[in-house]
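**Student:** prediction below, plus the sequence it came from.
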Amino acid sequence: MQKKITLVLPLCIFLLTACSDDAEQGPTGPRPVLITMTEVVSGTTEELEVTVGRIESKAEPLVAAEIDGRITHIDAEIGDVVVAGDRLAQIDPEDYRLSHQSAQADVDRLTAMIKQQQRLVNRYLQLREDEFFAENTLDAASSELDVLKKQKSSAISRLNQAKRNLSRANVTAPLTGEISDRLVNLGDYVKRGNPLFRISTDEYLRIVLPYPEKPADRLKTGLTVRLESATAMGTRVERKVTEIRPTIGDFSHAVDIIIDMPNPGNWRAGGTINGELVMNVIENAVLIPETSVVLRPAGHVVYVLNETLDSVEERPVETGVLTRELLEIRSGLQAGEKVAVDGAGFLTSGAVVSVQQR
């Protein structure tokens with residue numbers, strides 16, 4: 001009796017193990033790869049060249065002395081905001097005041113002499129009508145009057161020049177801005193043309209954007225540029241290229257494009273600026289997410305889903321312009337097809353997939 005029980009027990013264990021293996025095997029075939037998908041779209045995209053440039057003040061005059069003399073007053077310091085016409089410094093005006101007084105005295109003296117000579121000429125004219133006066137005496141008096149008038153005209157010119165020199169003793173701001181540099185000290189003797197102050201204004205700006213040599217032949221005035229200053233992030237301004245510098249920088253090996261513009265807000269000269277240059281606008285471009293494109297040894301490929309959305313086909317493509325969100329596909333895809341996005345890097349041609357909602 002004990003021998004029969006011993007034989008039955010191993011048989012039961014074998015049958016239970018076989019049933020367990022069949023239950024774990026389940027359906028046959030490869031496990032599907034989880035992916036997300038998107039539909040290929042057609043739209044307009046732009047070929048952009050992105051760079052970081054600088055902001056310059058378009059108007060940054062160097063204020064120089066217009067007369068010779070010693071600096072007696074300084075009224076502006078670096079960082080001061082000045083209005084056009086404000087006095088920045090004064091050059092000793094005493095010599096120019098004396099010259100002005102002398103020139104004024106000459107004009108007054110000649111004016112009196114002309115009045116006296118005119119009365120003499122008028123008297124001679126009256127005597128000539130009465131035939132009691134020699135003609136040559138009248139001619140001499142008239143000539144003397146003409147000489148005096150010309151001398152007065154010259155004296156008036158000297159007076160005006162003296163007046164201008166006296167006014168130039170006050171060095172004034174030519175425009176509204178900020179003193180960026182002071183190049184003179186109290187007591188310095190300056191000559192005409194010596195620089196005294198530098199004024200910077202942010203009212204009108206010059207944007208300088210460097211671009212590499214490669215697209216240099218395609219650069220031209222009138223292209224659209226989108227600008228964003230680091231001092232006003234989130235505010236984008238669209239302008240046109242004003243100028244292209246004809247030479248390539250010695251150190252940067254870049255081509256500079258110039259945009260002249262009024263200050264749109266809180267932009268400051270000397271700051272940096274982000275620039276997007278629109279090189280080309282592409283109509284009816286085929287567009288997909290950049291993550292849908294996988295680099296294989298044979299080149300760039302995408303994985304296109306079949307109609308039942310349960311398997312993919314590997315398809316080589318030619319890529320084009322990359323924007324912030326989408327990549328242009330120049331060949332290999334058509335609008336309306338569905339391609340894998342997330343998980344595309346794990347696929348091969350013919351792979352079984354399971355599409356998940358993004």
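**Tutor:** Sure thing, it's come through. All values derive from a computational prediction rather than experimental measurement.
**Student:** quick check: the most centrally placed residue in the chain vs Gly336, distance?
**Tutor:** Central residue check for the chain by CA atoms, centre = their mean: the C-alpha nearest the mean position is that of Ile207, 2.1 Å away. As for Ile207, its distance to Gly336 is 42 Å (criterion: CB to CB, to the nearest Å). (Each C-beta comes from the backbone N, C-alpha and C, glycine too.)
**Student:** any figure for the gap between the residue nearest to the centre of the chain and Val52?
**Tutor:** Where Val52 is concerned, Ile207 sits at a distance of 11 Å (CB to CB).
**Student:** need the residues touching each of these two.
**Tutor:** Taking CB atoms under 8 Å, 6 or more residues apart in numbering as the contact criterion, the common neighbours of Ile207 and Val52 are Ile273, Gly275.
**Student:** how about the longest helix belonging to the chain: buried residues?
**Tutor:** The single longest helix within the chain, with elements called by DSSP state H, is helix 94-129. By neighbour count, with 16 or more other CB atoms under 10 Å as the criterion, the buried positions of helix 94-129 are 96, 99-100, 103-104, 106-107, 110, 113-114, 117, 120-121, 124.
**Student:** got a list of what Asn194 touches?
**Tutor:** The contact partners of Asn194, by CB under 8 Å, 6+ apart, come to Ala64, Ala65, Val184.
**Student:** how about Glu325?
**Tutor:** In this structure, Glu325 makes contact with Pro289, judged by CB under 8 Å, 6+ apart.
**Student:** thinking again about what came up before, can you tell me the element the residue nearest to the centre of the chain falls in?
**Tutor:** For Ile207, the element it lies in under DSSP states H and E is strand 204-212.
**Student:** partner strands of that strand, parallel or antiparallel?
**Tutor:** If you go by DSSP bridges, strand 204-212 pairs up with strand 41-57 (antiparallel), strand 254-262 (antiparallel).
**Student:** now it, how far from the centre of its chain.
**Tutor:** Using CA atoms, centre = their mean, to the nearest Å, the mean C-alpha position of strand 204-212 is found 4 Å from that of the whole chain.
**Student:** identify the residues contacting it?
**Tutor:** Counting by CB under 8 Å, 6+ apart, 49, 51, 53-59, 219, 225, 227, 239, 249, 252-263, 267, 269, 273, 275, 277 sit against strand 204-212.
**Student:** now those residues: which count as buried?
**Tutor:** Buried members of those, scored by 16+ other CB under 10 Å, are 49, 51, 53, 55-59, 219, 225, 227, 239, 254-259, 261, 263, 267, 269, 273, 275, 277.
**Student:** pretty sure Val281 sits in a strand.
**Tutor:** Yes - Val281: assigned to a strand according to DSSP: H, G, I helix; E, B strand; the rest coil.
**Student:** how close does it sit to Leu48?
**Tutor:** 10 Å.
**Student:** shouldn't Gly43 be in contact with Leu287?
**Tutor:** Yes - the pair Gly43 and Leu287 passes the contact test of CB atoms under 8 Å, sitting 5.8 Å apart.
**Student:** so which of these two has more stuff around it?
**Tutor:** Remark: of Gly43 and Leu287, Leu287 carries more neighbours, 22 against 13, as counted by other CB atoms under 10 Å.
**Student:** quick check: chain neighbours aside, which residue is closest to Ser331?
**Tutor:** Among residues not flanking Ser331 along the chain, Glu318 sits closest, at 4.5 Å (CB to CB, 6 or more residues apart in numbering).
**Student:** check Val83 too.
**Tutor:** Thr176 (5.0 Å).
**Student:** ok, now Asp188?
**Tutor:** Ile71 (5.0 Å).
**Student:** tell me the secondary structure at the one you found.
**Tutor:** Three-state assignment for Ile71 (three-state DSSP): strand.
**Student:** count of neighbours near it?
**Tutor:** Neighbouring residues of Ile71 were enumerated by other CB under 10 Å; the total is 19.
**Student:** ok, it to Ala105 distance?
**Tutor:** With the distance defined as CB to CB, Ile71 ends up 29 Å from Ala105.
**Student:** returning to what we had before: C-terminal to the strand holding Ile207, what's the next element?
**Tutor:** Once the chain leaves strand 204-212, the next helix or strand it forms, by DSSP H and E, is strand 224-229.
**Student:** what about that following strand, distance to the chain center?
**Tutor:** Centroid displacement of strand 224-229 relative to its chain, using CA atoms, centre = their mean, is 7 Å.
**Student:** next one: stretch 317-327
**Tutor:** 27 Å.
**Student:** now it: buried residues?
**Tutor:** For stretch 317-327, a neighbour-count test (16+ other CB under 10 Å) marks Val317, Thr319, Gly320, Val321, Leu326, Leu327 as buried.
**Student:** tell me the contacts of the last one?
**Tutor:** With contact taken as CB under 8 Å, 6+ apart, Leu327 is in contact with Leu287, Ile288, Pro289, Glu290, Ser292, Val293, Thr319, Gly320, Val321.
**Student:** if we use 7 Å, what do you get?
**Tutor:** Applying CB atoms under 7 Å, 6 or more residues apart in numbering, we find Leu327 in contact with Leu287, Ile288, Glu290, Val293, Thr319.
**Student:** could you dump those residues to CSV with secondary structure?
**Tutor:** Shown next, in CSV, are the contacts of Leu327 (three-state DSSP):
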residue, secondary structure
Leu287, strand
Ile288, strand
Glu290, helix
Val293, coil
Thr319, strand
